[in-house]
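1. could you work out the structure for the sequence below:
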Amino acid sequence: MNIILDDLSGERIAAFLAEHIEDMRATSPPESKHALDLDGLRKPEISFWSVYDGDTLVGCGALKELAPDHGEIKSMRTGAAARGKGVGGAMLRFIIQTSRARGYKHLSLETGSMDFFAPARRLYSRHGFTECPPFAAYTDDPNSVYMRLIL
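-> Coordinates of the predicted model:
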């Protein structure tokens, strides 16, 4: 697997992220959908990476700087054909390593509370994330689970 910084200009990543947004629409009520579109991911405070297995795009993930000591994981996704093959774990380890290198003290994320998101919650828990109260601009939402890792 190869993780590369992505400027989000390619058609493959645009289609991959469109599938991500569609999954979020299918599983989360509109008021609880926090996935960013391409324009949202192109903001200067966000770094975005794509994961390739050879020439095949298999995953992605982003890191948003909330404060000089606090990062947020955004847009973690593994393509359906690559699920269960370690893509998410590789991307998550990369984001954690990058967060430490940037000097972040903690790393937060929001994910869904529905069954669809159970594999993601298990992945985050295996890497030391624990549930926490809402952070940044998030509010209490029964459709969301907030997690944090102290770095």
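2. next, count neighbours for Arg12.
-> For Arg12, the neighbour count with other CB atoms under 10 Å is 13. (Each C-beta comes from the backbone N, C-alpha and C, glycine too.)
3. how close does the residue nearest the centre of the chain sit to Gly59?
-> Within the chain, the residue whose C-alpha comes closest to the C-alpha centroid is Met76; the distance, by CA atoms, centre = their mean, is 2.8 Å. Distance of Met76 to Gly59, computed by CB to CB, to the nearest Å: 8 Å.
4. find the residues that touch each one of those two.
-> Overlap between the contact sets of Met76 and Gly59, as judged by CB atoms under 8 Å, 6 or more residues apart in numbering, is given by 88, 91.
5. may I see the buried residues of the lengthiest helix in the chain?
-> Secondary structure of the chain read by DSSP state H shows that its longest helix is helix 11-27. Residues of helix 11-27 classed as buried by neighbour count (16 or more other CB atoms under 10 Å): 13, 16-17, 20-21, 23-24.
6. swap in stretch 56-76?
-> The neighbour-count criterion (16+ other CB under 10 Å) identifies 57-66, 70-76 as the buried residues of stretch 56-76.
7. just the C-alphas of stretch 129-147, formatted as PDB.
-> Output for stretch 129-147, consisting of C-alpha atoms alone and laid out as PDB, is shown next (Å, rounded to 0.1, in the frame of the first residue of the first chain):
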ATOM      1  CA  PHE A 129      -9.400   6.000  20.900                       C
ATOM      2  CA  THR A 130     -12.100   6.300  23.600                       C
ATOM      3  CA  GLU A 131     -15.500   7.900  23.500                       C
ATOM      4  CA  CYS A 132     -15.600  11.600  24.600                       C
ATOM      5  CA  PRO A 133     -18.100  14.500  24.600                       C
ATOM      6  CA  PRO A 134     -18.700  16.500  21.400                       C
ATOM      7  CA  PHE A 135     -15.700  18.700  20.500                       C
ATOM      8  CA  ALA A 136     -15.200  21.800  18.300                       C
ATOM      9  CA  ALA A 137     -18.500  22.800  16.700                       C
ATOM     10  CA  TYR A 138     -20.200  19.400  17.200                       C
ATOM     11  CA  THR A 139     -23.200  19.100  19.600                       C
ATOM     12  CA  ASP A 140     -24.900  16.100  21.300                       C
ATOM     13  CA  ASP A 141     -26.400  14.000  18.600                       C
ATOM     14  CA  PRO A 142     -27.800  10.400  19.100                       C
ATOM     15  CA  ASN A 143     -26.500   9.600  15.500                       C
ATOM     16  CA  SER A 144     -22.900  10.500  16.300                       C
ATOM     17  CA  VAL A 145     -20.200   9.000  18.400                       C
ATOM     18  CA  TYR A 146     -17.200  11.200  19.400                       C
ATOM     19  CA  MET A 147     -13.800   9.700  20.100                       C
END
